[in-house]
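>>> using only what follows, build the 3D model:
(one chain, ligands or ions: 2)
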Amino acid sequence: MNASVPPLNALTAAASARKILQRLHDVMAARTNAQAKLNKVVEIIGEELSSEVCSIYLLREGLLELFATRGLNQDAVHVTKLALGEGLVGTIAQNVETLNLDEAAAHPDYAYRPETGEELFHSFAGVPIVRREKAVGVLAVQHVEPRPYQEVEIEALQTVAMVLAELIANAGLIDIHPGEERRFETGTGVVQGLQLVMGMGRGHAVFHQPRVTIEHTVAEDTEVERQRVISAFSKMREQIDRMTGQAEFGVDGDHKEVLETYKMFAYDEGWARRINEAIDSGLTAEAAIERVQQRTRMRMRQIDDPLLRDRMHDLEDLANRLLRIVSGQLGTAAQSGLRQDTILIARNLGPAELLEYDRRRLKGVILEEGSLTAHVIIVARAMGIPVMGRMRDVRHQLNDGDLILMDVTDNRVVIRPSVSMDEAFSAKLAMTQKKRAGYAAMRDLPAVTRDGIRIELMVNAGLRDDVASVDVMGADGIGLFRTEFQFLVSATLPQRERQQRLYRDVLDAAGNKPVIFRTVDIGGDKALPYLRSEDSDGEENPAMGWRALRLALERDGLMKVQARALLDAAAGRTLYVMFPLISEPWEMEEARKLFDSQRELLAVQKHKLPSAIKYGAMLEVPALAEVLDQLLPMLDFLSIGTNDLTQFLFAADRAHPKLAERYDWLSIAIMRFLDRIVKACVEHKVPVGVCGEMGGRTTEAMALLGLGMRRLSITPASVGPVKAMIRSLELAPLEIEMQRLLTSGVRTVRPALMDWAAEKGVELG
Ligand code: PEP
Ligand code: MG
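Ligands and ions are numbered 1, 2, ... in the order given. Take a look at the predicted model:
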């Protein structure tokens, strides 16, 4: 349908609402008090809709209080109060839905209030007064005659309710008890989420995309508003076209489909038409966009389909974009700068968006979505900023500037804490910082046990920035450089030059300390939008699927490019390379051959080559333990990836929240398994270490040393505590104790080891 010719009933609805809004406009401008204004509002609506009763209920102290009425007993004003969910009014507010009934008393939720005298009236229609997607009140009309209200009237009521909502918020219409319109927004709240980046942070809430404040809802000049919307639409469409047309999105894949859908919404004539209709009813451009969005939200709430809900997110994004354009309130909070210690709140973030913030003031991030492997999380981890994810609806529980205490390690976020909570948190934070300062003082001390055994303590890294932590933490090098991170944070496949530059920078920054590069571990949970294949699409078990070396050996073009980038970057130095997820020795052989062939190629081309190449394998697949006699002779070193290994040993998904804590890393099965591998490595004189998360925990690290491991590669934040543990440990008696425990019949060695450590004075942090 042509956008400029709305259907007849829409015209009538618009005309009806417009007339009411015009009259309301004058009332709002008048210099009378809030109560007088509300009294006038119910009169006007009642008259215009020829309704015998019109009432406004507002949420105050958690109850819906009758604030003004035309038609019901005036004595009931400020006396009649309903809880959320109680009676028709309470049901409307609770469900944020409209009710339109020709016989109110027949509704199961009807609650009779004798003081109002409402028994005279049969028909009833009520709409929620909504602010930030929550009901703050109800606008209701009633009739003696039992007849349902027409769609036109309901539309008009909804439009008026929207104007009322903004007035309540902006003009202090409920000046009697401001700020009490929503109880939940003022009280203390303790919430949990998905722990994405560990750590603690204290700061004030700042919304990444500040909410657009709608200052005027009733239009002065409808034609002007219409033009504003038209120009905002064309600007928004330009932006979307630019986004979808970007060269780096040129490859086919899911993301393309998503962007196309986005584009479809942006060009949806129906959406534009509905906004125009709302403008016809007398609303400003901003209010009209919000009005249409509200209606869509209400409709979508009734649909229980996750796919559609995702689409709703797209629409919300677009509507917000349109609102920002039309109101000129552009930009994210990063642009206006952070003025105090901040906890950033967002539905989701891109890595680049996060990097725009001032690191000194940014103390934490809370996301409504987010997952462990999201790019932004990788970046946040590198920046040392704690992140809590999957905190649904958090944006609606918070006000700008609310104080927040984040303790991701304890899975606890306190919103608007009490003074005592704040004090306890600050004390804990100070203690952690003091401990950290103590660890920093150990920076230049070697990781040597009390009986003189030198342990190689290295860090896991993946981004250029991570490299700094080697020095800051006093580590012995990088024991695992996850090269796929560069691929993950990039919108397109990083070309050879880019890869080489990163590897060289990392080697330069590490100085004479070794860096072990792991070839790309792509696939599984680290899927790249620009690198998909039929083999990995729709995998039921991606962690056990077409990933890592399996994928790299097949797509050997990718691996060859990486090999050359590494060989060139390490010219004149020792290059350490290791391959992920080796499952059988021939895979190791193939991977080595591929590297050797590239080295020969570069030699022919007269490139300067590394002075030596050391090849290692990651042991992550249990089957490898049965063929160590075949594998070990091919290796210069072995690195055990306990993250993947333990998930395969126990058949327990490492990302599953319920399984994450079920099997102890110190369980006897894992201990015996690792013991066997260490013994084989000792026999074959192959250095062995652990590079999974396990090594970053002090008790686990102690157990690993007790089994004979001499190299740990851990997350940088753990270097301090683990070094302190090592320096307080006497290793020889621990090795004896570990061997005893392996056959002692315990399920896990944890309690015994903790007792042992306490007795011997080992610092477990
Ligand atoms: C592991 O699996 O233990 C490991 C270190 O590799 P990633 O965590 O990158 O899979
Ligand atoms: Mg792994």
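
>>> and for residue 570, the neighbour number?
Per other C-beta atoms under 10 Å, the neighbour tally for residue 570 reads 24. From N, CA and C alone the C-beta is placed, and that goes for glycine too.

>>> help me confirm that it comes into contact with residue 610.
Yes: Residue 570 is within contact range of residue 610, at 4.2 Å (criterion: C-beta atoms under 8 Å).

>>> so which bits of this structure are right by ligand 1?
480, 482, 521, 620, 641-644, 691-692 (C-beta under 6 Å from any ligand atom).

>>> return only those of those found close to ligand 2.
Filtering the residues of the chain next to ligand 1 for proximity to ligand 2 (criterion: C-beta under 5 Å from the ion) leaves 620, 641, 644.

>>> in stretch 728-745, what's buried?
Residues of stretch 728-745 classed as buried: 728-729, 731, 734, 737-738, 741-742 (neighbour count, 16 or more other C-beta atoms under 10 Å).

>>> tell me the pLDDT of residue 673.
Each residue has a pLDDT score; the one for residue 673 is 98.

>>> can you report how many residues lie near it?
When counting by other C-beta under 10 Å, one arrives at 19 neighbours for residue 673.

>>> equivalent analysis for residue 443, please.
Neighbours of residue 443 (other C-beta under 10 Å): 14.

>>> among the ones next to ligand 2 among the residues of the chain next to ligand 1, which are located in helices?
Of those, the ones assigned to helices by DSSP state H are residue 644.

>>> could I get the ones next to ligand 2 among the residues of the chain next to ligand 1 as TSV with pLDDT?
Output for those, formatted as TSV (pLDDT from 0 to 100):
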residue	pLDDT
620	97
641	96
644	91
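
>>> can you pull the contacts of the single nearest residue of the stretch 1-150 of the chain relative to ligand 1?
Proximity of the stretch 1-150 of the chain to ligand 1 (C-beta to the nearest ligand atom) peaks at residue 133, 38.3 Å away. Counting by C-beta atoms under 8 Å, 6 or more residues apart in numbering, residue 133 makes contact with 96, 297, 396.

>>> out of the residues you listed, which are buried?
By neighbour count, with 16+ other C-beta under 10 Å, these hold 96, 297 as buried.

>>> could I get the residues of the chain next to ligand 1 as a markdown table with neighbour count?
A markdown table is the format used below for these (neighbours: other C-beta atoms under 10 Å):
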| residue | neighbour count |
| --- | --- |
| 480 | 25 |
| 482 | 22 |
| 521 | 25 |
| 620 | 24 |
| 641 | 24 |
| 642 | 24 |
| 643 | 14 |
| 644 | 23 |
| 691 | 28 |
| 692 | 25 |
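
>>> out of those, flag the one nearest to residue 580.
Nearest to residue 580 out of the residues of the chain next to ligand 1 is residue 521 (C-beta to C-beta; 4.1 Å).

>>> shouldn't that closest one be in contact with residue 547?
Yes: in this structure residue 521 lies within contact range of residue 547 using C-beta under 8 Å: 7.0 Å.

>>> now for the two: what residues contact both?
Common contacts of residue 521 and residue 547 (C-beta under 8 Å, 6+ apart): residue 581.

>>> thinking again about what came up before, how about JSON lines for the contacts of residue 133, with secondary structure and pLDDT added?
Converted to JSON lines, those look like this (DSSP: H, G, I helix; E, B strand; the rest coil; pLDDT from 0 to 100):
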{"residue": "96", "secondary structure": "coil", "pLDDT": "87"}
{"residue": "297", "secondary structure": "helix", "pLDDT": "78"}
{"residue": "396", "secondary structure": "helix", "pLDDT": "74"}
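
>>> what about residue 553, neighbour count?
Close neighbours of residue 553, defined as other C-beta under 10 Å, add up to 16.

>>> if you could redo that for residue 487, that was the one I meant.
The number of residues packed near residue 487 is 21, by other C-beta under 10 Å.

>>> which helix or strand lies directly C-terminal to the helix or strand harbouring it?
Per DSSP states H and E, residue 487 falls inside helix 484-488. Once helix 484-488 ends, the next helix or strand along the chain (criterion: DSSP H and E) is helix 496-510.

>>> looking at the helix holding residue 487 now, give me its mean pLDDT.
Mean per-residue pLDDT for helix 484-488: 84.

>>> is any part of it close to ligand 2?
No: using C-beta under 5 Å from the ion, helix 484-488 never reaches ligand 2; the gap is at least 10.4 Å.

>>> and that helix, how far out from the chain's middle?
The chain centre lies 19 Å from the centre of helix 484-488; the measure is C-alpha atoms, centre = their mean, to the nearest Å.

>>> and that helix, what does it pack against?
helix 375-383, helix 496-510 (3 or more C-beta pairs under 8 Å, 6 or more residues apart in numbering; DSSP states H and E).

>>> closest one of the ones next to ligand 2 among the residues of the chain next to ligand 1 to residue 291?
Taking C-beta to C-beta as the measure, residue 291 lies nearest residue 644 of those, at 51.4 Å.

>>> re earlier: of all the residues of the chain next to ligand 1, which comes closest to residue 760?
Distances from residue 760 to the residues of the chain next to ligand 1, taken as C-beta to C-beta, are shortest for residue 642 (24.7 Å).

>>> the closest one contacts residue 689, doesn't it?
No: the pair residue 642 / residue 689 is not scored as a contact, 10.7 Å apart, by C-beta under 8 Å.

>>> how many other residues sit next to residue 336?
Neighbourhood size, residue 336 [other C-beta under 10 Å]: 10.

>>> and it, how close does it get to ligand 2?
Separation of residue 336 from ligand 2 (C-beta to the ion, to the nearest Å) stands at 41 Å.

>>> swap in residue 145?
Separation of residue 145 from ligand 2 (C-beta to the ion) stands at 72 Å.

>>> ok, now which ones touch that residue?
With contacts defined as C-beta under 8 Å, 6+ apart, the neighbours of residue 145 are 122-123.

>>> repeat for residue 105
The neighbourhood of residue 105, defined by C-beta under 8 Å, 6+ apart, consists of 112, 119, 122.

>>> and residue 463, its phi and psi?
phi -120, psi 160 (degrees, to the nearest 10).

>>> what is the burial count for it?
20.

>>> touching, it and residue 489? I think so.
Yes: contact criterion C-beta under 8 Å: residue 463 and residue 489 qualify, at 7.3 Å.

>>> out of the contacts of residue 133, who's nearest residue 615?
Closest to residue 615 out of these is residue 396 (53.5 Å), distances taken as C-beta to C-beta.

>>> buried residues, whichever strand or helix holds residue 589. List them.
For residue 589, the host element (DSSP H and E) is helix 585-604. Using 16+ other C-beta under 10 Å as the test for burial, helix 585-604 gives 585, 587-588, 590-592, 594-595, 598-599, 602.

>>> quick one: contacts of that helix?
519, 549-550, 552-553, 556, 559-560, 563-564, 567-568, 577, 579, 582, 609, 613, 615, 617, 627, 630-631, 634-635.

>>> packing partners for the helix or strand where residue 701 lies?
Per DSSP H and E: residue 701 is located in helix 698-706. Here helix 698-706 touches strand 711-714, helix 719-727, helix 731-742, helix 750-760, going by 3+ C-beta pairs under 8 Å, 6+ apart.

>>> domain ranges for the protein?
10-170, 189-425, 449-760 (automatic domain parsing).
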